[in-house]
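Student: pasting a predicted model and its sequence here:
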Protein chains: 2
Amino acid sequence: MNLDLLRELAVPNDTRILLLVIDGLGGLPNETGRSELEQANIPHLDRLAQESLCGLTVPVAPGVTPGSGPGHLALFGYDPLQYDVGRGVLEALGVDFDLQPSDVAARGNFCTVDGQGRITDRRAGRIPTEQSAPLCDLLARIELPGVRVFVQPVRDHRFLLVLRGEGLSDRVSETDPQREEQAPLPVRALAPEAEATASLLNSFVAQATGALRGREPANMLTLRGIAKQPPMPSIAEICKFRAGAIAAYPMYRGLARLVGMDVLATGQSFANEIETLKARWADYDFLFIHYKRADAAGEDGDFQAKIAALEEVDTFIESLHALQADVFMVAGDHSTPAIVAGHSWHPVPFLLHPKSYAQADTAEGFNEKACARGVLGTFPAKEVLSLAMAHAGRLTKYGA
Amino acid sequence: MNLDLLRELAVPNDTRILLLVIDGLGGLPNETGRSELEQANIPHLDRLAQESLCGLTVPVAPGVTPGSGPGHLALFGYDPLQYDVGRGVLEALGVDFDLQPSDVAARGNFCTVDGQGRITDRRAGRIPTEQSAPLCDLLARIELPGVRVFVQPVRDHRFLLVLRGEGLSDRVSETDPQREEQAPLPVRALAPEAEATASLLNSFVAQATGALRGREPANMLTLRGIAKQPPMPSIAEICKFRAGAIAAYPMYRGLARLVGMDVLATGQSFANEIETLKARWADYDFLFIHYKRADAAGEDGDFQAKIAALEEVDTFIESLHALQADVFMVAGDHSTPAIVAGHSWHPVPFLLHPKSYAQADTAEGFNEKACARGVLGTFPAKEVLSLAMAHAGRLTKYGA
């Protein structure tokens, strides 16, 4: 259901909803014919699946490989095609930058150019963060009329640029020509109100070009995904619940903050996250907890490491289940099959364990194949929140 | 498909479509782990399912619990989120009131107020209809300038108010404060054109307050769901067929009339409905027949009575099947699980038995679990009519 209808039907009560997101959860069979989840020894997830409603979630649309932003927004109830969060904003969230609604953020890449200014390496040899950080300090000294300039390293050759001031617009083009042997493009205004922002960004690039001269391989930069924070309705307000987020990585904390969740302070390990969850259990109606390692292993193309990550998270399922949430869900923001070594478009295993009113299900375990035969079928991830709300008794009837 | 496309593709022919709606059909497992349908002895439905396309219908949207109005409109091909029929209109349909397009209808509740006018019981102790009927007669005598006033008892503390006149608007607020210890609210105009209607309704309430004084527990009233009949395209006209409806309960007759079906006179029992169906079989291309008892048993929370109702309707399946419709469908407007004792959001078992062009299916019987594995999967109820039209050979090709 869309957010307007959800707002209309939502009523408060005293139930608890727990959402565990296993980042990059879904996988694909390797040469054995069995996927990471099928090979992993995950008795607690398997048993939970047998007592749950199972299905496969489609994060954005069939065939669409989502980034972390759309993948999580869908699980939080937002149509990721409607609520498009720009790359620059996601980069800002990812480094815990305190982005303001009027800020314009861009993802910067250091790159290498030749004597004619043509790009010879779009990633400046993927210079390590230790090398790019001092360059960011250099760029942060650039002064532009009427706006403040923030430059922060992200990782390797990537950095964050933020302009803060009045009347900035994100209706501007990117400078990355998307291929080598071409010079970076100038920023163009895509709407009349963006002329001033385009010229500020071009002035930034001109000054940066001077500052980086001779600093091969990082002797130039490109700017992409220039964006402002989109106006997002608060899910806590829409659903009339108190929502808390527990995530060690800044990106996921940022996404949760963007949709109106309280971000709870927590340590770096998943065990720390679980401690935080238990400590704050009474304070919230909806709690989102994030497990990262499965995605990282998948991104590395490390099939065995992904199995190990899934087996690790399985050891925590009992303690999560013991909290006796009225609705306990295990979901993934997208698939990250080790054989792809990256995100993929494949639908993602999902289970919803309700305290009451469970449909009969027949899933034999928690994996792609079993969930495909689950009672929820293959369905849009943006419906997950509505299902949780229904099973928590938090939605009134539609129509008489 | 939407109604515009359906209108574009629909062609007449001499086939028959039969839609049996078992009200509140879907259920949930009780402590035995099996649902009402799984426990019921329904050999005819089970056998029919084995020869049919099966699936689960989602009446409105995942997680949404529908009222009878949205549940039926979806089965008739209307998106219930687009065609929103107000509570007042449904109440009018439910008592066979001959509502005109310019009428404004409201659902009235008798309530109890204290000496300060604050509500102490929103349902006036659920006074029986015999007690509320004479009060309705009192209220029906209220005179308002330029409009006719109709007041009819519905059931217990509920009644129907209709204003008939020129230029009435339903863009007005409700008077029910939705909780006790508050006085009923005045009607407010929500648009400039509704000022006159709001003041007429406030005048009605003022006069009614006088008329009801001292008549505890029903010494006051509230008005809700103040609505006009929404403009609905006729499904008979869209589909180019003659559509007939057979239902003992007024609400379902009213919904059928709203979408352009002929409402056929019938007796009170389902056996009477079947007789009517047989008698009028030659006169219509599309026939809708309604079975109520399953919902009533579910609403009562009576698991065994719901099983009995399902077993009763099963005994009629042979005679329905014997009519040899080109498309015979068995559907539910929503689930009414006995363990919920009310409507629920759960997808509803559905079967479509075509005379020809059946996809291979694997459903073993007619219940939630078997239909979840059916070839139609879990799909929006508003697609049921399109599927029927297709299998009846009543839709032309889209595009060359």
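Tutor: Perfect, I can see it now.
Student: let's verify the closest residue to A:M1 other than its chain neighbours: helix, strand, or coil?
Tutor: Residue nearest to A:M1 in three dimensions, not counting chain neighbours: B:A61, with 4.1 Å by C-beta to C-beta, 6 or more residues apart in numbering or on different chains. In this view, the C-beta of every residue, glycine as well, is placed from N, C-alpha and C. When states are read from DSSP: H, G, I helix; E, B strand; the rest coil, the local structure at B:A61 comes out as coil.
Student: ranges for the helices of the stretch 101-250 of chain A?
Tutor: A:129-140, A:195-212, A:235-239, A:250-258 (DSSP state H, counting those that start in this stretch).
Student: hey, where'd the strands end up in the stretch 201-350 of chain A?
Tutor: Chain-ordered strands for the stretch 201-350 of chain A, with DSSP state E, counting those that start in this stretch as the definition, fall at A:220-227, A:243-246, A:262-263, A:286-291, A:327-331, A:348-354.
Student: tell me the strands beside the last one, with direction?
Tutor: Sheet neighbours of strand A:348-354, with direction, are listed as strand A:53-58 (antiparallel), strand A:327-331 (antiparallel) (DSSP bridges).
Student: for the longest one, same thing?
Tutor: Each strand pairing with strand A:220-227, determined using DSSP bridges, is listed with its direction: strand A:104-113 (antiparallel).
Student: list the buried residues of the strand it pairs with.
Tutor: Neighbour counts using 16 or more other C-beta atoms under 10 Å in any protein chain shown place A:104-113 of strand A:104-113 among the buried residues.
Student: greatest separation within those: which pair is it?
Tutor: Of all pairs drawn from these, the widest gap by C-beta to C-beta lies between A:V104 and A:T112 and measures 26.0 Å.
Student: sorry, back to before: and the helices of the stretch 101-250 of chain A as CSV, adding distance to chain B?
Tutor: Listed next are the helices of the stretch 101-250 of chain A as CSV, based on distance: least, C-beta to the nearest C-beta, whole Å:
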stretch, distance to chain B
helix A:129-140, 43
helix A:195-212, 39
helix A:235-239, 12
helix A:250-258, 21
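Student: follow-up on the earlier one: need the strands paired with strand A:348-354 in TSV (columns: mean neighbour count and mean pLDDT).
Tutor: Output for the strands paired with strand A:348-354, formatted as TSV (neighbours: other C-beta atoms under 10 Å in any protein chain shown; pLDDT from 0 to 100):
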stretch	mean neighbour count	mean pLDDT
strand A:53-58	25	95
strand A:327-331	24	98
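Student: dump these into CSV; add distance to B:V330 as well.
Tutor: What follows is these, written out as CSV (distance: least, C-beta to C-beta, whole Å):
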stretch, distance to B:V330
strand A:53-58, 24
strand A:327-331, 31
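Student: pretty sure A:P233 is touching A:L6, no?
Tutor: No. A:P233 lies out of contact with A:L6 (C-beta atoms under 8 Å); the separation is 9.7 Å.
Student: count of residues packed around the residue nearest to A:M1?
Tutor: Other residues within reach of B:A61 by the criterion other C-beta atoms under 10 Å in any protein chain shown amount to 21.
Student: in terms of contact, does it touch A:D4 like I think?
Tutor: No. Using C-beta under 8 Å, B:A61 is not in contact with A:D4; the gap is 11.7 Å.
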